[in-house]
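Q: Predicted coordinates and the sequence they were generated for:
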Amino acid sequence: MSSPAKPDLNDVLPRLNDMMREDDHWGDVAAYIPQLATVDPAQFGIAVVTADGQCHVAGDTQVPFSVQSITKVFTLAIALGRSGDQLWHRVGREPSGRAFNSIVQLEQEQGRPRNPFINAGAIVTTDEVLGNREPREALAEIMRFVREAAGTDDIHINDTVAASETDFGHRNFALAHFLKSYGNLINAPERTLGTYFHHCAMEMTVEQLAMAGRFLIEAPDVPRLVAPSRIRRLNALMLTCGHYDGSGDFAYRVGLPGKSGVGGGILAIVPGRDSIAVWSPGLNRYGNSQKGTEALALLARHMDWSIF
């Protein structure tokens, strides 16, 4: 007896796009960043890129969006490439169980952030990438990495969004000053945060983001930007910490490593197989894309994708 036919992504993704638009439960945009507060939440796009570079898309796939915290995956890869396991003296590898911008937890743990994907941890990671260089040099390295991973130079930083985050990022300034007071920041808070705000203001389409995520698949035909052992560790951190205090819920519902951003994007990885990017700017109570999470849960179930 022949095995059941494998679902065709060219059929599955358009149906998924239609399903996401059947109701108006889009979630709320990230209003605390003024430039993101004006984005229409009723948008949805998804892209799946296979290990050999084939791209399957549906929805609003050519709309550039602010990837925000998803860039933390790329900066972490760069920081580990520069400093290796020494980085873990400055930041932990455990789920936070608290909001991504918690000050209370940072104070309780004496200035060592719980993981590199909450804001405090990403500020430390950015500081490690920055080192004693000029911010423009560190940003150039981050942009080179992302563009090489995505296979395109048409990826840019939105300076208006970066300026908006600088003007209204008071909680992040508080976190940076806490880190500095505990001796866990090399540079001045303003210098590190300037770099941090700018890389978080990077804009990509879902197709570009899915292409950029291919280096995390660990397959023969993908860009080899980091060592295989490091790819597995990056994926492990994405699974356990990539959705802030909603990471357990995402792992339960989707069963794949993923990293979200408050711009409404999610990058998810099917190890050895596919890179998935989804975008819908309305957020759930955890600060993760509401429709994006729903879509990934349905897609993983339909395609029988899970690391478990």
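A: Received it, and whenever you're ready, just let me know what you need.
Q: Just the helices from the stretch 101-250 of the chain, written as ranges.
A: Taking DSSP state H, counting those that start in this stretch as the test, the helices found in the stretch 101-250 of the chain are 103-108, 119-130, 135-150, 159-168, 170-181, 189-200, 206-212, 228-241, 247-253.
Q: Mind checking those helices for the one nearest to Q86?
A: Comparison of those against Q86 by C-beta to C-beta identifies helix 119-130 as nearest, at 8.7 Å. Every residue, glycine included, has its C-beta placed from N, CA and C.
Q: Average pLDDT for that closest one, rounded please.
A: Helix 119-130 shows a mean pLDDT of 97.
Q: can you give me the angle that helix makes with helix 170-181?
A: 60 degrees (axes from the mean of the first three to the mean of the last three C-alpha atoms, to 10 degrees).
Q: and helix 119-130, how far out from the chain's middle?
A: Mean-position distance between helix 119-130 and its chain equals 14 Å (C-alpha atoms, centre = their mean, to the nearest Å).
Q: Going forward, the N-terminal residue is numbered 161.
A: All set: I'll call the first residue 161, so the last point we hit is now helix 279-290.
Q: Show the low-confidence segments of the stretch 161-310 of the chain, by residue range.
A: Within the stretch 161-310 of the chain, the stretches with pLDDT under 70 are 161-165.
Q: want to throw the helices of the stretch 261-410 of the chain into TSV with distance to N170 and mean neighbour count?
A: Shown next, in TSV, are those (distance: least, C-beta to C-beta, whole Å; neighbours: other C-beta atoms under 10 Å):
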stretch	distance to N170	mean neighbour count
helix 263-268	44	15
helix 279-290	36	27
helix 295-310	22	18
helix 319-328	33	17
helix 330-341	41	18
helix 349-360	33	23
helix 366-372	14	27
helix 388-401	26	19
helix 407-413	25	18
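Q: can you tell which of those helices is closest to P224?
A: helix 366-372 (8.3 Å).
Q: From F375, how far out is W248?
A: 21 Å (C-beta to C-beta, to the nearest Å).
Q: Between the two, which has more neighbouring residues?
A: F375 (23 against 13; other C-beta atoms under 10 Å).
Q: and the residue nearest to Y192 when sequence neighbours are not counted, what is it in contact with?
A: Spatially, and ignoring its direct neighbours in sequence, Y192 is nearest to F328 (6.7 Å; C-beta to C-beta, 6 or more residues apart in numbering). F328 sits next to 192-194 when contact means C-beta atoms under 8 Å, 6 or more residues apart in numbering.
Q: can you rerun that using 10 Å?
A: By C-beta atoms under 10 Å, 6 or more residues apart in numbering, the contact set of F328 is 192-195.
Q: Would you format the helices of the stretch 261-410 of the chain as CSV with distance to Q222 included?
A: Below are the helices of the stretch 261-410 of the chain laid out as CSV (distance: least, C-beta to C-beta, whole Å):
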stretch, distance to Q222
helix 263-268, 38
helix 279-290, 28
helix 295-310, 14
helix 319-328, 19
helix 330-341, 31
helix 349-360, 22
helix 366-372, 7
helix 388-401, 26
helix 407-413, 26
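Q: For D220, find the nearest of those.
A: Judged by C-beta to C-beta, the one of these that comes nearest to D220 is helix 366-372, at 7.9 Å.
Q: From the contact counts, what lies against the closest one?
A: strand 205-210, strand 215-219, helix 231-243, helix 295-310, strand 362-364, strand 425-430, strand 434-439 (3 or more C-beta pairs under 10 Å, 6 or more residues apart in numbering; DSSP states H and E).
Q: if we can go back for a sec, I'd like the distance between the residue nearest to Y192 and A190.
A: Counting by C-beta to C-beta, the gap from F328 to A190 is 11 Å.
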